[in-house]
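Asker: Take a look and give me a structure for this.
(one chain, ligands or ions: 1)
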Amino acid sequence: MATKKAAGVAQPAAAPFGQGDTSWFTQARFGMFIHWGLYSMPARHEWIRNWENITNEGYQKYFDYFNPDLYNPKEWARLAREAGMKYFVITTKHHEGFCLWDSKHTDYKATQTTCGKDLLRPLVEAFRAEGIRVGFYYSLIDWHHPEFPIDKIHPQRGDKEAREKAKHRDVRKYAAYMRDQVKELLTQFGKIDILWFDFSYPGEDGKGRNDWESEKLIKMVRKLQPDVIVDDRLDLPGVGDVVTPEQFQPGKQLIKNGQPVVWEACQTFSGSWGYNRDEESWRSPEELIRTLVDCVAKGGNLLMNVGPTSRGLFDYRAVARLQAYAEWMRYHSRAIHGCTAAPEGIKCPPDCRLTYNPQTRRIYLHLFAWPYKTVYIEGMPPVAYAQLLHDGSEVALRGLDDWQKERAEICGISSTALAITLPQKPPQTVIPVVEFMLK
Ligand code: GLC
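Answerer: Below is the predicted model of the structure:
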């Protein structure tokens, strides 16, 4: 059992439902989230049915005309690999209920649309061929299923008549449907590395573990694929190989019972998860790269989302951002893959992040703002050599000279700090990194 787990990482004290294998996950650090479904057609958010109270009938036109004729998952997989992403997680079914694979438990699936194809299988194959691990997102919520009771987030929540008509709905039948579908996902596509359930909202007029029958579900999952990493959204204490902050960054490394926690932030390029044509809030490549560094510096992963169009392509704005990752990762991937937070006691200088590879014993200083010539690092273990990572050019190492030592205290620097001198002009890379080889 011990070998399955990421070294030195906190796991629930008791894991009554078993644990997934996170040993590869904490090395991988960077993955691609893909939100793809019928909502790529209205192209104004994947929650559109909820926001605009769209009925099954009102939503039917998207099913009728769905036809991603330009779909080429090999292209997606190549872009992901080049960006340095080591795994992906695809919405096999989102809250709208539409399934990308040829599930035998529903007709609400890609094979029944004009496109007539299973969209999931070729995707899994294409990503595997690029050496990328496979994750399935599966929505616990289903606004299309006839046995899914109308609740506070359902599109028909405000429609008294619809609620009345839906009174007979039996959530137990829906829970069985979910198990049947998850069984397909875990038995027909080979080894699945991640299963990403989304999400619970227990309490009045909501849904949680009793509705999903989470216990039965997780027991089945563990039986079918004992190593699969399961997220923390089943509303079942003791289940959650990974903590999943969404649309925010933790303030610091997450620690539980004195051990680092396995966590993964999921973030978007522009706010929506599904393709959103008119969204103007796209993040800059620099911010996106900083977010990746920030995750690793706090001992976590980043799952960065892409929302493909209904023609089956990555939008040009998404491609540009993936390419920005690729360009930066080409030179800096070893400051990300296999890395984690720096050992305690090393003080991160202002406007910087530190990452650390415990295997190679190298420390990486990511400079979010170019400093005024000198950077002081307090608590740094003895360093043998340092270089700028993008071009492997030496960075001069020195302690503080006598003149500086005299003034160190008044300037808020410990007299034992390591000082490095950087060129006056920043290098041509979005976030420059200094690599330190420890003695
Ligand atoms: C939320 C949303 C959803 C998205 C997910 C990703 O829970 O319901 O649209 O798929 O977050 O984490």
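
Asker: Run through the stretch 151-300 of the chain and note the low-pLDDT ranges.
Answerer: Within the stretch 151-300 of the chain, no range satisfies pLDDT under 70.

Asker: Flag every residue of it that's near the ligand.
Answerer: Asp198, Phe199, Glu246, Cys266, Trp273 (C-beta under 6 Å from any ligand atom). C-betas here are computed from N, CA, C, even on glycine.

Asker: Quickly note the distance from the last one to Met178.
Answerer: Between Trp273 and Met178 the distance is 21 Å, computed by C-beta to C-beta, to the nearest Å.

Asker: so which strand or helix has the residue nearest in space to the middle of the chain?
Answerer: Central residue of the chain (C-alpha atoms, centre = their mean): Leu303, 1.7 Å from the mean position. Using DSSP states H and E, Leu303 sits in strand 301-306.

Asker: in stretch 337-357, what's buried?
Answerer: 337-342, 346, 348-349, 352-357 (16 or more other C-beta atoms under 10 Å).

Asker: Put the alpha carbons of that stretch into CSV.
Answerer: Listed next in CSV are the C-alpha coordinates belonging to stretch 337-357 (Å, rounded to 0.1, in the frame of the first residue of the first chain):
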residue,chain,number,x,y,z
HIS,A,337,7.6,18.4,-13.1
GLY,A,338,8.7,16.3,-10.1
CYS,A,339,8.8,19.5,-8.0
THR,A,340,7.1,20.7,-4.9
ALA,A,341,7.3,23.4,-2.3
ALA,A,342,10.8,24.3,-1.1
PRO,A,343,12.0,22.9,2.2
GLU,A,344,10.8,24.8,5.3
GLY,A,345,13.1,27.5,6.5
ILE,A,346,14.0,28.9,3.1
LYS,A,347,12.5,32.3,2.9
CYS,A,348,11.0,33.2,-0.5
PRO,A,349,12.1,36.6,-1.6
PRO,A,350,9.5,39.2,-2.5
ASP,A,351,7.8,38.9,-5.9
CYS,A,352,9.1,35.3,-6.2
ARG,A,353,8.0,31.7,-5.8
LEU,A,354,10.3,28.7,-4.9
THR,A,355,9.9,25.2,-6.2
TYR,A,356,12.1,22.2,-5.3
ASN,A,357,12.9,18.9,-6.8
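
Asker: roughly how far is it from the heart of the chain?
Answerer: Here stretch 337-357 is found 21 Å from its chain centre; the criterion is C-alpha atoms, centre = their mean, to the nearest Å.

Asker: so what's the residue of the stretch 301-439 of the chain found nearest the ligand closest to, chain neighbours aside?
Answerer: With C-beta to the nearest ligand atom as the measure, Asn305 is the residue of the stretch 301-439 of the chain nearest to the ligand, at 7.4 Å. Leaving aside its sequence neighbours, Asn305 sits nearest to Phe33 (C-beta to C-beta, 6 or more residues apart in numbering; 3.9 Å).

Asker: Looks like the one you found contacts Met304 (just checking).
Answerer: Yes - using C-beta atoms under 8 Å, Phe33 is in contact with Met304, at 6.4 Å.

Asker: Mind listing the shared neighbours of those two?
Answerer: Shared contacts of Phe33 and Met304 (C-beta atoms under 8 Å, 6 or more residues apart in numbering): Cys266.

Asker: buried set for whichever strand or helix holds Trp403?
Answerer: Using DSSP H and E, Trp403 sits within helix 402-408. For helix 402-408, the neighbour count (16+ other C-beta under 10 Å) marks Gln404, Ala408 as buried.

Asker: ok, now stretch 56-72?
Answerer: Asn56, Tyr59, Tyr62, Phe63, Phe66, Asn67, Pro68, Tyr71.

Asker: count of neighbours near Thr429?
Answerer: Number of residues near Thr429 (other C-beta atoms under 10 Å) recorded here: 18.

Asker: isn't it right up against Arg330?
Answerer: No - Thr429 is beyond contact range of Arg330, at 10.0 Å (criterion: C-beta under 8 Å).

Asker: residues contacting the residue of the stretch 1-150 of the chain found nearest the ligand?
Answerer: Of all residues in the stretch 1-150 of the chain, Glu46 sits closest to the ligand, at 4.8 Å by C-beta to the nearest ligand atom. Contacts for Glu46 (C-beta under 8 Å, 6+ apart) come out as His35, Gly37, Tyr39, His94, His95, Glu96, Ser272, Trp273, Gly274, Gly307.

Asker: Helix, strand or coil: sort out it for me.
Answerer: Classification of Glu46 using DSSP: H, G, I helix; E, B strand; the rest coil returns coil.

Asker: for the closest residue to it other than its chain neighbours, what are its contacts?
Answerer: What sits nearest to Glu46 in space, not counting adjacent residues and going by C-beta to C-beta, 6+ apart, is Gly274, at 3.3 Å. Counting by C-beta under 8 Å, 6+ apart, Gly274 makes contact with His35, Trp36, Gly37, Tyr39, Ser40, Ala43, His45, Glu46, His94, Gly307.
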